[in-house]
Each structure stands twice: as C-alpha cells, then as structure tokens.
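[1] return atomic coordinates for the entry below.
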Amino acid sequence: RRQRQMCIRDRASISDPEGNLLFYTDGVSVMNRNHMIMPNGNSLMGNTSSTQSAIIVPWPFNPLKYFVFTTHELGGIEGLRYSLVDLSLEGGLGDIATDFKNIPLYSPVREKVAATKKADGSGFWVLTRSSKSDSILVYEVASSGLNLVPQVFEVGNVLSLPGAEAGYMRFSSKGRFLVSANFNENDFELFKFNPVSGEVSEELEIETNYEPYGVEFSPNEELLYSTGISGSIYQYDLNNWSASDISNSEIVVGTSSGSPLGALAIGPDFKIHVARLNADFLGQIEEPNQVGVACQYVDLAIALQGRNCKLGLPSFISSTFRTDFNISDFCFGIPTKFQTDSSLLDSVYWNFGDNNSGLNDTSTAFNPTHVFTDTGHFNVILIAKQINGEVDTSATLIYIYPRQKKGFTNNDTILCSGDSLKLNLIWNNGLS
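    Numbering: from 1, shown residues only. Have a look, this model is predicted:
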C-alpha cells in the first residue's frame, strides 16, 4: 500500500549517515524507504493537521531502533505518545514493534515537539508543552531507552485563545536556545536551554502584530526568523537577552509573492527553507547569519517538480545539521576511522578521549584514524572552525569492542576485520 495521504502541516523523516532514506511519518502512518506503509504502521495517534505531528529520535547505541513521538491537533486528549520503529523487522524495511505503539506520555499538549542532542553526545532531549498550563516537559532519551518521567519546568505562558496551540517550536543548532510560536496569541516565547541538564529557563515573551507560525534560528544562534501567514518573514537580533531589545530589532527581510508562509527549517547547507502554501517553489534564506536584508530571501528558490507545498516542513533533531562526524570500525586493535564533511570547514581539532594514547589522543586531520588503547566507552570531541569563522563543537560517546577469539556462544558475537571463527555444522542427518 503506497502512502498518498496529503499532510497539511508537518512530517518527520530520518536517513542513515550517507543520506539514504530509512523511513518517514506524518504522525498517523509510518512509511518505509520504499514509500510503503509498514505492516503495523497505521493508526498512530498524531494528526496531519498538527503543526508538529511527529519527530523521530534514534535510540542511542542501538542503530536499528528509533522512537517516533507524536502530537495531536489543538490539545486533543491523545496528547504526546511514542512508538518504536525496529529496522531489523520486515527484512530490514522496518516495522513498529507490537508492544511499543502509541504509548501515552502526557496529555493534553500543544502542537509542538522538538529535540536536540545532549551536550556530551550520549543521547537526546525531547520537549513538548502542556496546553493547559505553563509547563514545559523535558524527556531524556539515553542508551538505556526513554525515561518516561519528564523534568517539568513552569516557565512559559498559559494559552488564553482557541487555536493558540498551533505554531512551531525549535531549538537552536547547539541546543542553547528554544523558541515557541503561539499562533492566534500574536507572540512567541524565547527560552534558554541547558543541553547538559535539560533545564529550561529565562523565558522572554515577544509580542508581535502578526500571527507567528514558522520559527527558526540562524546557524550562529544570533538571529531568529519568524513567518506570518500573511506572507512576510521577520528577523530578530538575539545578542541582547531582553524582550524590549529583541522586539525593537524586528525587521521584515522578505515577502512572498501571493503565498501565505508556513514552516521555516534549516538544512544541511545551513540555508533556511521556507514553506509557501499551495506553491510549487520553496522560498529560501540564503545567508541566515547576515543581519537585515543581507540575509537574502529568495521567494522562488527550490522547484518542487510539479508538486505543491503545504504549511509544513519536516521536523528534525535541531543539532542534526551541526558540524558532525561519522565513525566506522569499532574493534580493539584496528584503526577506528573518523570522517566529517570538510567542504564548509577551515580547520578541525579532534580529541579521542583516550588519555593513555598520549600525543596520539588528538589530531588536526579532517578524516583521521585512531587506534584505541583499550576497550570500552570513549567520548570523542570534534571542534570545527567553519570557513565563515564560526566554531562548532560536537561530541559522541563510542564503544570499542574486544576482539573475538572463540567460537559462537548463545549471545550475539561481534566480528572484527581479520577475526576468524571455527564453525562446526551439524546436518539434519547427524553428519558434521
């Protein structure tokens, strides 16, 4: 069964490190990489009219499992729920695990869900907002799984108008700031976020003369962009953490030609894409780190090849498009390989977290290798200077496996390059 349902607002998708699609969802159905609904992928309790109907978060150190968080529209009783996609099922195409579908977390919630990496790279923070109070709920996803008990911070506003649940919520790229648009209430809220502890604090409420819907931070976290359904893009300067200063910095940096505007979403090219309702082109902010009209909004930037856009753009973990790196070969005694996209980088500095390796514990090569001195966990840090002068830090906790010297046991066996195992096959007739 091929998915053909129109999603008015948001979708979520995820790919492997090489950019190959794994699966995607509109919050109601989950489609595999062949664009077919997974066998158990129907009837999720999100909603295609929810601003952020779903977001996909990997299970750390469990590369075949992913949490799918969903929200319902207008504070429906379905609330925030999660389902677990297991890519080891259905011959590698994946399916929702039978016992982990539509598991309730909290109700009711606004049409908002956002996620960012933990500061040490070991997991993720997933946030939503209560639709009946000022509470922001922070869930932790770690190697042990999802912590079902959230941290709760009473730092936001309380909605007073119908429909105010709509509007996007986004993290900045390094997870230091959070923005939440309140459609119908003519304002948005800014918060500081601690990616180490998950704490939300220092709320600022910015009143506007339009209905904010899409919101997104610049890559350098110094500017904020917001859309009004009327068709304008607004920019705000965040360098002074003051509601009045931020409000007074408002400037219109772009206007769409006849199309109401919806979601804003940063891409891997560090440009901000703009949803244009019922249009066959996406808009794009070419230089989002630049102040004022120097940010260069282009209304007809990306052709959709005969398709029309709606109000939404896919929700990703905000830190996805930071300078990040891929790792291969996790076995003790052989070089572990590290790779990063150097096309936008000026220089890099690696720390492999392997203190016993002495001077070999660091490297300035774009794609280095490192032979770890022991098995176990190591926290690898990359400090990357981009060609635009911005400096970004990424961290990932990895595990180096021991070499295998014996045959198979009842447990899974990790094979490393160069390992060999003796197999003793017993046929049904008793011959070996």
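
[2] first-to-last residue distance for stretch 98-110?
    Stretch 98-110 has its terminal residues 27 Å apart, counting by Cα to Cα, to the nearest Å.

[3] quick one: that stretch to chain centroid distance?
    19 Å (Cα atoms, centre = their mean, to the nearest Å).

[4] repeat for stretch 115-134
    Centroid separation for stretch 115-134 versus its chain: 11 Å, with Cα atoms, centre = their mean.

[5] start at 30 instead
    In the new count, where the first residue is 30, that last one comes out as stretch 144-163.

[6] buried stuff in that stretch?
    Buried residues in stretch 144-163, counted by 16 or more other Cβ atoms under 10 Å: 144-148, 150-160. (C-beta placed from N, C-alpha, C; glycine too.)

[7] residue contacts, L190?
    Residues in contact with L190, defined by Cβ atoms under 8 Å, 6 or more residues apart in numbering, are N213, E214.

[8] secondary structure element for it?
    L190 is part of no helix or strand when elements are defined by DSSP states H and E.

[9] ok, N186 next?
    Following DSSP H and E, one finds N186 outside all helices and strands.

[10] what's the spacing between V303 and F98?
    Separation of V303 from F98 (Cβ to Cβ, to the nearest Å): 25 Å.

[11] same check, this time on Q264
    Separation of Q264 from F98 (Cβ to Cβ): 30 Å.

[12] sitting in strands, which of the buried residues of stretch 144-163 do you find?
    Under the assignment DSSP state E, these contribute A144, T145, K146, F153, W154, V155, L156, T157, R158 to strands.

[13] thinking the fifth one is in contact with L207, fair?
    What it means is W154. No. Applying Cβ atoms under 8 Å, one finds W154 not in contact with L207, separated by 10.0 Å.

[14] overlap in contacts of those two?
    F222.

[15] still on that earlier bit, from the buried residues of stretch 144-163, which one has the minimum pLDDT?
    Of all those, G150 carries the smallest pLDDT score, 75.

[16] need the contact list for it.
    G150 is in contact with N408, V409, S423, A424, T425, L426, counting by Cβ under 8 Å, 6+ apart.

[17] which of the residues you listed fall in strands?
    If you go by DSSP E, the contacts of G150 have N408, V409, S423, A424, T425, L426 in strands.

[18] among the residues you listed, the buried ones, what's the PyMOL command?
    Only the buried entries of the ones in strands among the contacts of G150 go into this PyMOL selection, using 16+ other Cβ under 10 Å:
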select buried, resi 409+423+424+425+426
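
[19] can you put the ones in strands among the contacts of G150 in TSV and add pLDDT and distance to Q368?
    Shown next, in TSV, are the ones in strands among the contacts of G150 (pLDDT from 0 to 100; distance: Cβ to Cβ, whole Å):
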residue	pLDDT	distance to Q368
N408	84	18
V409	89	12
S423	74	13
A424	70	16
T425	76	12
L426	76	18
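
[20] so which of the ones in strands among the contacts of G150 is the closest to S371?
    Relative to S371, the closest of the ones in strands among the contacts of G150 is S423; by Cβ to Cβ it sits at 14.0 Å.

[21] ok, that closest one touching I356?
    No. Contact between S423 and I356 fails when scored by Cβ under 8 Å: they sit 11.5 Å apart.

[22] can you check the pLDDT for the most centrally placed residue in the chain?
    Taking Cα atoms, centre = their mean, the centroid of the chain lies closest to I346, which sits 0.8 Å from it. I346 is assigned a predicted lDDT (pLDDT) of 90.

[23] what sits against it?
    Neighbouring residues of I346 by Cβ under 8 Å, 6+ apart: I84, V86, A144, T145, K146, F153.

[24] same check on L93?
    Listed by Cβ under 8 Å, 6+ apart, the contact set of L93 reads D115, L116, S117.

[25] show me what stretch 377-385 is in contact with.
    Stretch 377-385 is contacted from outside by 367, 369, 371, 389-395, 397, 399, 401-403, 407-414, using Cβ under 8 Å, 6+ apart.

[26] what about F182, helix or strand, and which?
    Per DSSP H and E: F182 is located in strand 180-183.

[27] tell me the mean pLDDT over that strand?
    Rounded to a whole number, the mean pLDDT of strand 180-183 is 98.

[28] kindly report the same for stretch 58-69.
    Taken as a whole, stretch 58-69 has an average pLDDT of 98.

[29] grab the nearest non-local neighbour of Y254.
    E245 (5.2 Å; Cβ to Cβ, 6 or more residues apart in numbering).

[30] how many neighbours does the one you found have?
    26 (other Cβ atoms under 10 Å).

[31] partner strands of the helix or strand hosting it and their direction?
    Following DSSP H and E, one finds E245 within strand 241-246. Paired neighbours of strand 241-246 in the sheet (DSSP bridges): strand 252-257 (antiparallel).

[32] which regions of the chain sit below the pLDDT cut-off?
    Applying pLDDT under 70 to the chain flags residues 30-38, 46-47, 349-353, 415-420, 433-461.

[33] again, only this time at 80
    30-39, 46-48, 149-150, 191-192, 297-298, 348-354, 370-373, 415-426, 432-461 (pLDDT under 80).

[34] hey, where'd the helices end up in it?
    Using DSSP state H, the helices of the chain run over residues 272-277.

[35] picking up where we left off before, pull the CA atoms of the strand holding F182 into PDB?
    C-alpha atoms of strand 180-183 as PDB (Å, rounded to 0.1, in the frame of the first residue of the first chain):
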ATOM      1  CA  GLN A 180      11.600  17.000  34.100                       C
ATOM      2  CA  VAL A 181       8.900  19.700  34.300                       C
ATOM      3  CA  PHE A 182       9.700  23.500  34.200                       C
ATOM      4  CA  GLU A 183       6.900  26.000  34.800                       C
END
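
[36] can you pull the buried residues of it?
    Q180, F182.

[37] now do it: everything it contacts.
    Outside strand 180-183, the residues within contact range by Cβ under 8 Å, 6+ apart are S162, D163, S164, I165, L166, V167, E169, G227, E228, V229, S230.

[38] now stretch 116-131
    With Cβ under 8 Å, 6+ apart as the test, stretch 116-131 has contacts from 51-52, 59, 61-63, 65, 67-70, 72-74, 93-95, 97, 99, 110-115.

[39] which of Q264 and F98 has more residues huddled nearby?
    F98 (28 against 23).
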